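*Asks:* Take this sequence and fold it.
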Amino acid sequence: RLHPSPDGRSVAFSNRQREFWLLDLENHSTRQLDRAEYGGDDSYGDAVWSPDSRYVALSRPDSTRGLAQIVLCEVASGRKAVVSTDRYESGSPAFSRDGQWLYFLSNRTFVSTNAGPWGDRNTGAFFDRRTRIYALALQPGLRFPFLVRNELLPAVAKEIEEKAIVKNKPKGDTKDKPAK
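*Replies:* Next comes the predicted model:
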């Protein structure tokens, strides 16, 4: 599989020897970006570039358990970080358009959808809705864009406090007083 970078300067590809390579189209050189220690001859399930072409996110096994994990590779330095656990299978990485978030799917939910604990004449538990979407912030201090605001968030707590001060202020009083 070939994975061209968004800036058009590189093409990433994997081979059957569990290696992930980067081809520089300007100087026609190749270098190995990653080598999978575990998995079969087609270890790399997914590979996606960040919008700025600085990172590649891969899904491949990274332990003897053989479950795919998300690996984030910095193209310039070759640094790698496994960003998901080997306890659950993860895949389908995708960067947000601004490159601040890495989204991926992971099979981590084990709630049986049968009415009974073992289902209707079923010999085992049935978990058909295991996959959910997860997000990883790639920069410190980011707030998840889909997070529901509540009283536990500091910014929201401050806003609630300010509204309470204005609401409880007596008419004609110009000083801010804390709510009681």
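*Asks:* pLDDT (mean, whole number) over stretch 28-36?
*Replies:* The average of the pLDDT scores along stretch 28-36 is 94.
*Asks:* List the contacts of it.
*Replies:* Stretch 28-36 is contacted by residues 12, 18-24, 43-44, 56, 58, 60-62, 71, 73, 75, 78, 80 when judged by CB atoms under 8 Å, 6 or more residues apart in numbering. Placement of C-beta: from N, CA and C, glycine included.
*Asks:* Would you mind putting the CA coordinates of that stretch into CSV?
*Replies:* Extracted in CSV, the C-alpha atoms of stretch 28-36 (Å, rounded to 0.1, in the frame of the first residue of the first chain):
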residue,chain,number,x,y,z
HIS,A,28,14.8,9.8,-4.4
SER,A,29,16.0,8.2,-1.1
THR,A,30,14.3,5.7,1.2
ARG,A,31,14.6,5.2,4.9
GLN,A,32,13.0,2.8,7.3
LEU,A,33,10.6,4.5,9.6
ASP,A,34,9.4,1.5,11.6
ARG,A,35,9.7,-2.2,11.9
ALA,A,36,7.0,-4.3,13.5
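*Asks:* of the contacts of stretch 28-36, buried ones?
*Replies:* Among these, the ones that count as buried by 16 or more other CB atoms under 10 Å are 12, 18, 20, 22-23, 43-44, 56, 58, 60-62, 71, 73, 75.
*Asks:* Can you tell me which of the residues you listed is nearest residue 149?
*Replies:* In terms of CB to CB, no member of these lies closer to residue 149 than residue 71, at 33.0 Å.
*Asks:* Just the buried residues of stretch 39-49, please?
*Replies:* 39, 43-49.
*Asks:* Is it possible to get JSON lines of those that adds secondary structure and distance to residue 88?
*Replies:* Below are those laid out as JSON lines (DSSP: H, G, I helix; E, B strand; the rest coil; distance: CB to CB, whole Å):
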{"residue": "39", "secondary structure": "coil", "distance to residue 88": "16"}
{"residue": "43", "secondary structure": "coil", "distance to residue 88": "18"}
{"residue": "44", "secondary structure": "coil", "distance to residue 88": "19"}
{"residue": "45", "secondary structure": "coil", "distance to residue 88": "15"}
{"residue": "46", "secondary structure": "strand", "distance to residue 88": "16"}
{"residue": "47", "secondary structure": "strand", "distance to residue 88": "20"}
{"residue": "48", "secondary structure": "strand", "distance to residue 88": "20"}
{"residue": "49", "secondary structure": "strand", "distance to residue 88": "24"}
